[in-house]
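A.B. asks: Coordinates only, no sequence provided:
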Ligand SMILES: *Cc1c(COP(=O)(O)O)cnc(C)c1O
């Protein structure tokens with residue numbers, strides 16, 4: 001049996017209504033900041049539960065533009081997670097600011113208790129990463145934000161529809177950042193991103209920032225970027241958005257199924273699943289003994305397991321200038337040695353999930 005990691009070949013293989021919508025759209029020529037984009041933004045905001053949403057050209061820009069809007073500039077510090085995907089850190093360094101890392105805990109998100117130590121006079125923002133589908137402890141983090149008057153931009157790129165006590169990712173802080181990259185839970189056929197906010201002033205500034213700072217065709221109000229969400233991709237997004245809740249539901253169902261099966265296997269440890277947290281499982285990760293051998297064994301048996309990520313971002317070559325050394329973030333390091341990701345997406349069959357469990361069981365049998 002084969003269990004592939006990417007389901008993209010399946011996801012859009014049979015969608016005649018979408019093709020019809022695209023055909024109709026192409027005939028309108030409404031390609032730039034077009035009507036389908038406005039529809040998408042309205043429905044995205046409604047889905048997440050914010051007043052506004054703004055389509056931008058990537059998840060990275062969905063982080064960068066709000067940071068720019070609140071005045072992050074060269075020399076400033078922005079606190080974020082030591083184990084995140086490079087894009088979070090890239091959004092910070094693109095503005096010339098310095099990423100200040102904080103270690104994670106066993107939910108893969110920032111250990112919020114370690115943040116206050118890292119706050120300095122230069123700290124301009126905090127970007128918690130709702131990593132793998134979990135949410136950062138936003139109850140504690142918002143208290144820190146209020147105490148120090150530091151704004152927060154939530155990197156919710158991996159956590160669309162995740163929540164804590166029914167309050168969704170992207171609604172807690174000044175802004176939420178989402179990615180529509182093909183491999184994200186809600187995806188389009190190219191790059192794309194969305195910012196969510198309840199703040200009208202920020203909303204208006206983001207509208208300018210994503211479109212060259214243009215107030216209208218002839219008035220350049222501020223220095224901006226070209227970071228519009230492609231209206232063609234908004235047509236794809238409009239087709240997919242009504243499926244968002246059922247996609248999350250299916251992933252959660254599959255993850256719980258795997259949790260039940262894998263928790264019986266010695267050698268595998270299921271991460272904490274805190275009560276009151278809705279985890280949407282962009283990634284399904286467990287801790288494993290003999291990880292590298294297990295990983296190879298899975299590949300050999302047709303299961304496309306992954307490791308997110310074998311080397312934390314803080315130890316990557318590009319960020320050497322921050323002068324960190326191995327051991328600075330012990331939990332991120334420990335995770336890097338033990339984590340392994342398995343497919344748990346909405347297109348998997350029960351047979352495939354059973355096969356994953358069976359192969360892992362077999363691997364540990366004589367160890
Ligand atoms: C995907 C992702 C982003 C944004 O990536 P884009 O490819 O620019 O859409 C940002 N942060 C995290 C944690 C991500 O997984």
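C.D. replies: In hand now; what should we look at? Quick caveat, the model's predicted, so the values are computed rather than measured. Residues are numbered from 1 along each chain as shown.
A.B. asks: contacts and neighbour counts: CA atoms only from here.
C.D. replies: Noted.
A.B. asks: Can you give me the separation between residue 284 and the ligand?
C.D. replies: To the ligand, residue 284 is 13 Å away according to C-alpha to the nearest ligand atom, to the nearest Å.
A.B. asks: Name whatever forms a beta bridge with that residue.
C.D. replies: Beta-bridge pairing for residue 284 (DSSP bridges): residue 342.
A.B. asks: Break down this protein into its helices, ranges please.
C.D. replies: 8-11, 16-28, 35-48, 59-69, 86-94, 138-148, 200-209, 231-240, 244-262, 291-300, 330-338, 350-365 (DSSP state H).
A.B. asks: Those helices into CSV, with extra columns for distance to the ligand and mean pLDDT?
C.D. replies: Shown next, in CSV, are the helices of the chain (distance: least, C-alpha to the nearest ligand atom, whole Å; pLDDT from 0 to 100):
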stretch, distance to the ligand, mean pLDDT
helix 8-11, 16, 95
helix 16-28, 22, 98
helix 35-48, 16, 98
helix 59-69, 3, 98
helix 86-94, 5, 98
helix 138-148, 16, 98
helix 200-209, 17, 98
helix 231-240, 13, 98
helix 244-262, 16, 98
helix 291-300, 22, 98
helix 330-338, 14, 97
helix 350-365, 24, 98
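A.B. asks: Nearest to residue 284, out of those helices?
C.D. replies: Among the helices of the chain, helix 244-262 comes nearest to residue 284, with 6.7 Å by C-alpha to C-alpha.
A.B. asks: From the rest of the structure, what touches the closest one?
C.D. replies: By C-alpha atoms under 8 Å, 6 or more residues apart in numbering, the residues outside helix 244-262 that reach it are 161, 185-186, 268, 270, 279-282, 284, 344-346, 353, 357.
A.B. asks: Most neighbours among the residues you listed, which one?
C.D. replies: residue 281 (28 neighbours; other C-alpha atoms under 10 Å).
A.B. asks: Against residue 81, how distant is that residue?
C.D. replies: 18 Å (C-alpha to C-alpha, to the nearest Å).
A.B. asks: Strands along the stretch 101-250 of the chain, start to end?
C.D. replies: Listed from the start of the chain, the stretch 101-250 of the chain has strands (DSSP state E, counting those that start in this stretch) covering 123-127, 153-155, 163-164, 167-168, 175-179, 193-197, 214-216, 219-220.
A.B. asks: How about the stretch 151-300 of the chain: which residue is closest to the ligand?
C.D. replies: residue 179 (4.2 Å; C-alpha to the nearest ligand atom).
A.B. asks: Between the contacts of helix 244-262, which sits nearest residue 201?
C.D. replies: Using C-alpha to C-alpha, the contacts of helix 244-262 come closest to residue 201 at residue 161, 24.8 Å.
A.B. asks: Can you pick out the most distant pair from the contacts of helix 244-262?
C.D. replies: 186 and 268, at 29.1 Å, using C-alpha to C-alpha across the contacts of helix 244-262.
A.B. asks: Would you agree residue 57 is in contact with residue 230?
C.D. replies: Yes - with contact defined as C-alpha atoms under 8 Å, residue 57 counts as touching residue 230 (7.0 Å).
A.B. asks: Quick check: neighbours shared by these two?
C.D. replies: By C-alpha under 8 Å, 6+ apart, the residues touching both residue 57 and residue 230 are residue 192.
A.B. asks: Most remote residue from the middle of this protein, which is it?
C.D. replies: residue 366 (37.4 Å; C-alpha atoms, centre = their mean).
A.B. asks: what about it, distance to residue 266?
C.D. replies: Residue 366 is 11 Å from residue 266, where distance means C-alpha to C-alpha.
A.B. asks: So what's the predicted local confidence for the closest residue to residue 119 other than its chain neighbours?
C.D. replies: Distances taken as C-alpha to C-alpha, 6 or more residues apart in numbering place residue 79 nearest to residue 119, at 7.9 Å, with adjacent residues excluded. In this model, residue 79 is scored at 98, pLDDT.
A.B. asks: which ones are touching residue 79?
C.D. replies: Neighbours of residue 79 in contact, by C-alpha under 8 Å, 6+ apart: 99-102, 115, 118-119, 123, 125-128.
A.B. asks: so residue 73 makes contact with residue 94?
C.D. replies: No - contact status for residue 73 versus residue 94: not in contact, 9.5 Å apart, counting by C-alpha under 8 Å.
A.B. asks: before we move on, back to that, can you give me the neighbour number for the residue of the stretch 151-300 of the chain closest to the ligand?
C.D. replies: Residue 179: 31 neighbours (other C-alpha under 10 Å).
A.B. asks: In this structure residue 263 contacts residue 272, no?
C.D. replies: No - using C-alpha under 8 Å, residue 263 is not in contact with residue 272, being 11.7 Å away.
A.B. asks: Settle it for me: which of those two has more neighbours?
C.D. replies: Higher neighbour count among residue 263 and residue 272: residue 263, with 15 against 11, using other C-alpha under 10 Å.
A.B. asks: picking that back up, which of the contacts of residue 79 come close to the ligand?
C.D. replies: Among those, no residue sits close to the ligand (C-alpha under 6 Å from any ligand atom).
A.B. asks: Restricted to buried residues, select those residues in ChimeraX.
C.D. replies: To isolate the buried ones among those in ChimeraX, judged by 16 or more other C-alpha atoms under 10 Å, type:
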select :99,100,101,102,115,119,123,125,126,127,128
